[in-house]
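Asker: When you get a sec, could you give me coordinates for this:
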Amino acid sequence: MNVSSSIRLLCCCSGVYSTFAFSVSNRYQHRSKGLSATSPFIDKKEIIWSPTDLTKDNEGFEPIPADDYIKKYQAHPELWPVELFVIPYRRVKKDPKDTENDSKVFETQILVRESANGTSKYGLGTGVPVKRWLLSSQESSPPKGYKVRQPRLTFDACNFPEFPKDCENWTYSKIDIKKDAFQIEHEFKDQELESFAKEIRKELKRDLTKRIANESGCTNNFEYETLVLINNILQNENCIAAIQGTFRMSGLFAKNENGSRHISFNAVDTHKILDSMRVYTMFPQMPDPLPLPCTSAEDLRKEIDSRKETMKKTGRNMHQDKYGRIYTHISTSNVSNTIHGVYFPVDCSELPNIDKIPAYNLFGTKAIEKEWVSLRNLGILENAETICTRDAKSTFISSAIVRQLVRDGVIET
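Answerer: Purely as a prediction, here's the structure:
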């Protein structure tokens, strides 16, 4: 039996997997008070996301079956896609016209870019997979900077609940970012940024190792196991490339025309970045049925554009699946969008020269425009004191995540 088939066989096992958020260090205990999620403007029928156990049955919904794909991921953690994100934010003085009905003089803004895939208006634009799925038919030409996992690790498309009925199965193969992803071509080499990424990884490994040894801060076995999972991933040197990639895409350390950086590495507090780091499991609203691998890019885009109306017509719930699990975001047909996301919020409030920060694709050289958008305009806040609970998935792809960071007091308002 080859590796691929043995993985498929083993994945018939069931298991228990949770989602949660954790901070790595307790160096910074002076957090701002989180905001309330209650407001007289709340639609009482609105569904509010918070980190939860995605394998736990929800009252009033069908029980989650034993062969659920997330339970399979839990039974074999190597199946989980993992992605890193940087979230730059800042507190600035409001425009006077915006303070008429609000006594607060300052507001918090997130650095975002126009969403590239059409599922929302804005996105972070900093996501870098450490590992994810690729159609097995595309193994011969993986994305730049990635390689097919050896020995091969595959997963059948029919494991996903959106798999089309009466359709021939296809498979996905696991790919990993290369440890030398930014060393292959001269134009992507950045020794200072690589050194910064190494420092982040080293400190993160140190903190996680201490917590695992002491089991400190773990409220249940799953949290402990997840710490072990993240720490195991960090043992691989390719994580340096992923960390370097997400900070590269953020544009924070990009160079100006004169060769100087927008932000110097000395201006950023790496300890605070590590203390603010959180892990959330993202659960996507996928297309149903899942498009076939041969579907054209044009038809995939049409599906995204028409999905809302299609869901209304078919009676599909826009906010949660039939097991009561709440969607964090609207997804393309990319099955890697059920992920463990590792988020690095970066407070840029005191940093100079950050009004115009460029964005870059992972291996892009052409700057893409980014903009600072307020939490209210991103659908995070209803007003200065209250977290918005209206559906903002089509406005900001990471709205659920940032709302949770605000609730936890990680991002100040």
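
Asker: use CA for all of it now, contacts and neighbours both
Answerer: Noted.

Asker: Quick check: the nearest residue to residue 93 once chain neighbours are set aside vs residue 412, distance?
Answerer: Computed as C-alpha to C-alpha, 6 or more residues apart in numbering, the closest residue to residue 93 that is not its neighbour in sequence is residue 106, at 4.3 Å. As judged by C-alpha to C-alpha, to the nearest Å, residue 106 and residue 412 stand 11 Å apart.

Asker: for residue 197, same thing?
Answerer: 25 Å.

Asker: ditto for residue 296
Answerer: Residue 296 sits 43 Å away from residue 412, taking C-alpha to C-alpha as the criterion.

Asker: Okay, buried residues for the helix ranked longest in the chain please.
Answerer: Ranked by residue count and defined by DSSP state H, the top helix of the chain is helix 191-214. In terms of neighbour count (16 or more other C-alpha atoms under 10 Å), helix 191-214 has its buried residues at 193-194, 196-198, 200-201, 203-205, 207-209, 211-212.

Asker: out of those residues, who's nearest residue 68?
Answerer: residue 212 (28.4 Å; C-alpha to C-alpha).

Asker: quick one: the closest one and residue 227 touch, right?
Answerer: Yes: here residue 212 reaches residue 227: they are 6.8 Å apart, a contact under C-alpha atoms under 8 Å.

Asker: hmm, back to that, give me the more crowded residue out of residue 296 and residue 412.
Answerer: residue 412 (20 against 11; other C-alpha atoms under 10 Å).

Asker: sec struct for that one, please.
Answerer: The assignment at residue 412 comes out as coil when based on DSSP: H, G, I helix; E, B strand; the rest coil.

Asker: For residue 375, see how far away it is.
Answerer: On the measure of C-alpha to C-alpha, residue 412 and residue 375 end up 10 Å apart.

Asker: now do residue 122
Answerer: In this view, residue 122 and residue 375 are 12 Å apart by C-alpha to C-alpha.

Asker: quick one, longest strand in the chain?
Answerer: Identified as the longest strand of the chain according to DSSP state E is strand 82-93.

Asker: Now the common contact residues for residue 412 and residue 375.
Answerer: Residues touching both residue 412 and residue 375 (C-alpha atoms under 8 Å, 6 or more residues apart in numbering) are residue 108.

Asker: Now do the contacts for residue 163.
Answerer: Counting by C-alpha under 8 Å, 6+ apart, residue 163 makes contact with 157, 288, 289, 290.

Asker: could you pull out the strands for this structure?
Answerer: Going by DSSP E, the chain shows strands at 82-93, 106-114, 122-123, 128-135, 146-148, 154-156, 171-177, 278-282, 284-285, 329-330, 339-347, 370-374, 381-383, 386-387.

Asker: what distance separates the third one from the middle of the whole chain?
Answerer: Between the centre of strand 122-123 and the centre of its chain there are 12 Å (C-alpha atoms, centre = their mean, to the nearest Å).

Asker: which outside residues touch that strand?
Answerer: 112, 113, 114, 115, 116, 395, 396, 397, 398.

Asker: Quick check: PyMOL command selecting the buried ones in those residues.
Answerer: Those of those that count as buried under 16+ other C-alpha under 10 Å are selected in PyMOL with:
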select buried, resi 112+113+114+115+395+396+397+398
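
Asker: Just give me the least confident of the contacts of strand 122-123.
Answerer: The lowest pLDDT within the contacts of strand 122-123 belongs to residue 116, with 83.

Asker: what's the spacing between that one and residue 293?
Answerer: 20 Å.

Asker: cool, residue 69 as well?
Answerer: Applying C-alpha to C-alpha to residue 69 and residue 293 gives a distance of 19 Å.

Asker: swap in residue 194?
Answerer: Taking C-alpha to C-alpha, one finds residue 194 at 36 Å from residue 293.

Asker: likewise residue 402?
Answerer: With C-alpha to C-alpha as the criterion, residue 402 and residue 293 are 32 Å apart.

Asker: who has more neighbours, these two?
Answerer: Taking neighbours as other C-alpha under 10 Å, residue 402 and residue 293 compare with residue 402 leading, 22 against 11.

Asker: so who does the more buried one touch?
Answerer: Counted by C-alpha under 8 Å, 6+ apart, residue 402 has contacts 380, 411.

Asker: now residue 395
Answerer: 120, 121, 122, 378, 379.

Asker: distance between stretch 270-279 and the chain's centre?
Answerer: 15 Å.

Asker: cool, and stretch 184-191?
Answerer: The chain centroid and the centroid of stretch 184-191 are separated by 26 Å, computed with C-alpha atoms, centre = their mean.
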